[in-house]
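J.: below are the sequence and a predicted model for it; my questions follow.
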Amino acid sequence: MQRVVDFARPGVAFTTVQHAFRRVTHPMQLKRFREYVANNGNRRQKLERVEHFVLDRFRSARNNNLPVHDLDVKRWALSQAKIENIDDFKASDYWLLNFKKRNGISSRKVTKLVSHLEVVDKSIIKQTVDDFVAEATKHIPKYKFDFVLNADQSSFNYEIASNRALSYAGKKATYLSVKSLNAISHSYTVMPIISAAGQLLSPVFICLQEPTSRFQITRAVFSASNIVTSCSTSGKLNKSLAEYWIKEVLDKVVSNRFLLVVDQWSLQADITVYENNLTKGQSCKLLVIPRRATSTKQPCDPYFCRQWKVLTKGIYHRVSLDELDVDLRSRDAIIKLQIWFIIN
């Protein structure tokens, strides 16, 4: 439209304009075009600019993980429509519905909360991840795959309950029976070591939760050659247990030089802890995965522990649904369950 108006300057015959622009068929069109250009476009063009503006604002907000609601979209549309001088634009529910359909937008449940700092530092995080990948690519070829290792702590609740279940449509509340509300909020830790050769190394370390940080003397602890068991008040590793893991597990599975990939937990990211507790003079090269990158760059996370937890949850579900006489919260049941996964 702007090109037609620029071309049809005073003194240019209408037939010349028609020859250059075949869709211009009547002199009245030139008049309307000049009015549209003077008003910065026709109504359709102005509405397109409103939509582009709103879509840009929406994309910017979601790229920064900010919440956007229907009222925000309408507010953005009305403010831009005022700038475009579209006086009768109301940002109605019908317009909003069509806008969301055209751009593939719908209301979604929030599945994860992230800190503002994490959003702001995306570019920094990406750079540190790229640097880590480059360093790992440089060092891994120097070792046999059997001695390129990854160790990670994985937490398991004492009782695992499903967060979804089939029920009757239209019910306002869906209840789920558990043996102990306390058990679904308390956990123990399993710390496997896997190699780049695709092997789960034995033994596997299990840290159970005991109120006194000691196993009760009156109860024997089930043991097997492929596990090492200890405990703490929280069910998580502390400094002494990290050192115990190195002496009783890592020291037994490595006999020479090896490369170990770990996350940024301070107790396992300190090379001196390994140097002080390995007893065979092993040479340890430590690679520490940057923060916010373990979900994709730590092999244990996406390729091992996640599947391990899915299978564990399935067993808890089957025992609960079939009302089997098995208490999976007990110490021996937990150890035997983890042993079953190790040998299978």
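T.: Arrived safely, thanks for sending. Quick caveat, the model's predicted, so the values are computed rather than measured.

J.: the longest helix seen in the chain packs against which elements?
T.: In terms of residue count, the longest helix belonging to the chain (DSSP state H) is helix 43-63. For helix 43-63, the elements it packs on are helix 70-83, helix 93-102, judged by 3 or more CB pairs under 8 Å, 6 or more residues apart in numbering; DSSP states H and E. Where C-beta positions appear, they are placed from N, C-alpha and C, glycine not excepted.

J.: which of those is buried the deepest?
T.: For the helices and strands packed on helix 43-63, average neighbour numbers computed from mean count of other CB atoms under 10 Å are highest in helix 70-83, which has a mean of 16.

J.: how about the helices in the stretch 201-344 of the chain?
T.: Secondary structure of the stretch 201-344 of the chain (DSSP state H, counting those that start in this stretch): helices at 239-245, 251-253, 271-277, 294-297, 300, 306-321, 331-343.

J.: mean pLDDT for the ones you listed: which is lowest?
T.: Lowest mean pLDDT within the helices of the stretch 201-344 of the chain: helix 294-297, a mean of 85.

J.: center of this structure - which residue?
T.: Most central in the chain under CA atoms, centre = their mean is S295, positioned 6.7 Å from the mean C-alpha point.

J.: contacts only, for it.
T.: S295 is in contact with D301, P302, counting by CB atoms under 8 Å, 6 or more residues apart in numbering.

J.: circling back: out of the helices of the stretch 201-344 of the chain, nearest to S155?
T.: Nearest of the helices of the stretch 201-344 of the chain to S155, taken as CB to CB: helix 306-321 at 9.1 Å.

J.: by mean pLDDT, which helix or strand of the chain comes out lowest?
T.: When each helix and strand of the chain is scored by mean pLDDT, DSSP states H and E, helix 2-7 comes last, with a mean of 57.

J.: so, low pLDDT: which residues of the stretch 1-150 of the chain?
T.: 1-41, 116-121 (pLDDT under 70).

J.: how close does the nearest residue to E84 once chain neighbours are set aside sit to S223?
T.: Nearest non-adjacent residue to E84, counting by CB to CB, 6 or more residues apart in numbering: K46, 4.2 Å away. Distance of K46 to S223, given as CB to CB, to the nearest Å: 77 Å.

J.: neighbour-wise, which of those two wins?
T.: K46 (20 against 12; other CB atoms under 10 Å).

J.: contact partners for that one?
T.: K46 neighbours (CB under 8 Å, 6+ apart): N40, A81, E84, N85, I86.

J.: list the residues that contact the second one.
T.: Residues near A81 by CB under 8 Å, 6+ apart: K46, V50, F89, A91.

J.: may I see the buried residues of stretch 191-202?
T.: Buried residues in stretch 191-202, counted by 16 or more other CB atoms under 10 Å: M191, P192, I193, I194, S195, A196, L201, S202.

J.: could you dump those to JSON lines with distance to W265?
T.: Below are these laid out as JSON lines (distance: CB to CB, whole Å):
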{"residue": "M191", "distance to W265": "11"}
{"residue": "P192", "distance to W265": "15"}
{"residue": "I193", "distance to W265": "15"}
{"residue": "I194", "distance to W265": "17"}
{"residue": "S195", "distance to W265": "20"}
{"residue": "A196", "distance to W265": "21"}
{"residue": "L201", "distance to W265": "19"}
{"residue": "S202", "distance to W265": "23"}
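
J.: which pair of the residues you listed spans the longest distance?
T.: Longest span within those, CB to CB: M191 and A196, 18.0 Å.

J.: sorry, back to before: out of the contacts of A81, which comes closest to R257?
T.: V50 (64.3 Å).

J.: where's that closest one relative to N42, distance?
T.: Distance of V50 to N42, computed by CB to CB: 13 Å.

J.: tell me which of those two has more neighbours.
T.: V50 (24 against 15).

J.: hang on, the earlier thing: list the buried ones in the longest helix of the chain?
T.: Neighbour counts over helix 43-63 (16+ other CB under 10 Å) mark K46, L47, R49, V50, E51, F53, V54, L55, R57, F58 as buried.

J.: roughly how far does the residue nearest to the last one when sequence neighbours are not counted sit from I184?
T.: Closest residue to F58 apart from its sequence neighbours, by CB to CB, 6+ apart: V68 at 5.8 Å. For V68, the distance to I184 under the criterion CB to CB works out to 34 Å.

J.: spatially nearest residue to E248 (excluding sequence neighbours)?
T.: Using CB to CB, 6+ apart and skipping residues adjacent in sequence, the residue nearest E248 is V228, 4.8 Å away.

J.: the closest residue to F132 other than its chain neighbours: neighbour count?
T.: Distances taken as CB to CB, 6+ apart put P290 closest to F132, at 5.4 Å, once the chain neighbours are dropped. Applying other CB under 10 Å, we find 19 residues neighbouring P290.

J.: and the one 10 residues further on, by the same measure?
T.: For C300, the tally of surrounding residues (other CB under 10 Å) stands at 22.

J.: tell me the contacts of it?
T.: N150, A151, D152, S154, P192, I194.

J.: likewise R57?
T.: Counted by CB under 8 Å, 6+ apart, R57 has contacts W76.

J.: dump the helices and strands packed on helix 43-63 to CSV, plus distance to T312.
T.: What follows is the helices and strands packed on helix 43-63, written out as CSV (distance: least, CB to CB, whole Å):
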stretch, distance to T312
helix 70-83, 41
helix 93-102, 40
